[in-house]
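Chemist: I would like to see how this sequence folds:
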Amino acid sequence: MEAAGSNHFSHPEHSLELKNYKKPYTCDGCKEPGFGSRYRCEACDFDLHKDCMFPAETTTHDFFGNATFKFLPRPPNLKCQEKHCRNKCKSYCDACGKVVKGFVYHCAAHNLDLHPCCRNLETKMDIHGEEFWLQDKVSRRCNWCRKKKLHGRGSGVQGWAYASRNEDYYFHVGCVPEMTLDAWQNDGGSGNDDDDDRSVATVSKMKMQLQRNSKGNRGRGNKYWKMLKSILKIIVSVLLGDPTITLACVVAESLLSK
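Modeler: Here you go, the predicted structure:
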């Protein structure tokens with residue numbers, strides 16, 4: 001799928017065209033991972049998420065009712081007041097907890113930051129009759145990383161998590177794309193570049209890891225995996241910047257449905 005070439009302020013040399021490749025990429029706007037469709041300059045190996053290609057001037061999020069976020073092409077210039085500081089002068093996304101390295105939505109009044117894709121996270125989802133809520137206060141360990149606090153985050157920003165009503169199912173927002181891309185890129189050392197074979201390896205690794213870590217699937221079987229595949233599909237498609245994301249569909253409709 002392609003679209004007519006479009007210009008962008010971050011890459012004025014050439015126009016960008018909408019492409020759809022079955023492989024991960026790093027967005028040259030927000031510097032975060034992406035997969036599937038992207039706006040791309042082949043000559044320069046330059047890629048943008050759709051949300052980075054067409055940013056809004058301002059935005060809001062339900063968690064921050066009084067905050068208005070302004071789009072910035074680079075992280076806000078924070079002045080560190082501490083000597084030998086390595087982290088406090090950096091900006092962190094209040095949704096996923098990761099360092100802001102490029103395009104960002106920033107609220108100066110409340111010192112809040114959101115990655116362009118993270119701003120699209122829904123606060124509530126109904127998955128096959130089970131409600132999942134986005135939490136801005138992490139209350140328990142993630143089913144994937146088995147930690148309450150995101151590993152390697154030095155800012156004190158916890159990030160958000162999705163939880164089912166009874167909290168049997170619980171995922172850090174920041175872990176969902178990482179678990180998917182990690183499994184995709186490390187498919188057991190097979191060295192096979194075939195997309196279908198790698199997809200099977202990807203979903204196998206994810207399923208085994210989640211089975212080991214999750215308590216909510218006991219006695220529920222297919223119902224557990226049906227809900228899990230749906231929520232992964234939604235969150236990954238939002239965070240990796242493609243509502244029709246190829247990887248999410250492959251993962252969701254393959255072994256997770258068995």
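
Chemist: tell me which element the closest residue to K148 other than its chain neighbours falls in.
Modeler: Using Cβ to Cβ, 6 or more residues apart in numbering and skipping residues adjacent in sequence, the residue nearest K148 is R141, 5.2 Å away. C-beta: built from backbone N, CA, C; applies to glycine. Assessed by DSSP states H and E, R141 sits outside every helix and strand.

Chemist: so who does R141 touch?
Modeler: When contacts are counted by Cβ atoms under 8 Å, 6 or more residues apart in numbering, R141 touches 147-148, 170.

Chemist: for F171, same thing?
Modeler: F171 neighbours (Cβ under 8 Å, 6+ apart): 142-144, 161-163, 231, 235.

Chemist: give me the nearest residue to it, chain neighbours excluded.
Modeler: Nearest to F171 is Y162, by Cβ to Cβ, 6+ apart, at 5.2 Å.

Chemist: rounded mean pLDDT for the host helix or strand of that neighbour, please.
Modeler: For Y162, the enclosing helix or strand under DSSP H and E is strand 161-164. On average, the pLDDT along strand 161-164 is 86.

Chemist: partners of the closest residue to F64 other than its chain neighbours in the sheet?
Modeler: Of all residues not flanking F64 in the chain, L112 sits nearest, at 6.0 Å (Cβ to Cβ, 6+ apart). Counting by DSSP bridges, L112 is bridged to C107.

Chemist: next one: L112 relative to G159, how far apart?
Modeler: 13 Å (Cβ to Cβ, to the nearest Å).

Chemist: what touches both of those two?
Modeler: D94.

Chemist: return the set of buried residues in the strand holding Y162.
Modeler: Across strand 161-164, burial judged by 16 or more other Cβ atoms under 10 Å covers 161-164.

Chemist: can you name every helix or strand that that strand contacts?
Modeler: Judged by 3 or more Cβ pairs under 8 Å, 6 or more residues apart in numbering; DSSP states H and E, strand 161-164 is in contact with strand 130-135, strand 170-172, helix 222-239.

Chemist: now distance to E17 too, for the ones you listed, in CSV please.
Modeler: Converted to CSV, the helices and strands packed on strand 161-164 look like this (distance: least, Cβ to Cβ, whole Å):
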stretch, distance to E17
strand 130-135, 34
strand 170-172, 34
helix 222-239, 21
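
Chemist: among those, which is the most enclosed?
Modeler: strand 170-172 (a mean of 24; mean count of other Cβ atoms under 10 Å).

Chemist: partners of that one in the sheet?
Modeler: In its sheet, and by DSSP bridges, strand 170-172 pairs with strand 161-164 (antiparallel).

Chemist: residue contacts, S91?
Modeler: S91 touches 75-76, 78, 99-100, 104, 106, 113, counting by Cβ under 8 Å, 6+ apart.

Chemist: over to C41: give its phi and psi.
Modeler: Phi and psi for C41, reported as degrees, to the nearest 10, are phi -110, psi 110.

Chemist: ditto for E42
Modeler: Dihedral angles (degrees, to the nearest 10) for E42: phi -60, psi -40.

Chemist: tell me how many other residues crowd it.
Modeler: 11 (other Cβ atoms under 10 Å).

Chemist: follow-up on the earlier one: and the strand holding Y162, C-alpha only, in CSV?
Modeler: Only the C-alpha atoms of strand 161-164 are listed here, as CSV (Å, rounded to 0.1, in the frame of the first residue of the first chain):
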residue,chain,number,x,y,z
ALA,A,161,-0.5,-0.5,33.1
TYR,A,162,-3.5,-2.3,31.7
ALA,A,163,-5.4,-4.4,34.2
SER,A,164,-8.5,-6.6,34.1
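
Chemist: contacts for that strand, please.
Modeler: 125, 130-135, 138-140, 142, 169-173, 216, 227, 231, 235.

Chemist: so where's the stretch 101-250 of the chain shaky on pLDDT?
Modeler: 150-156, 181-226, 243-250 (pLDDT under 70).

Chemist: redo that, cut-off 80
Modeler: In the predicted model, the stretch 101-250 of the chain carries pLDDT under 80 at residues 127-130, 138-139, 143-144, 148-158, 165-169, 176-233, 236, 242-250.
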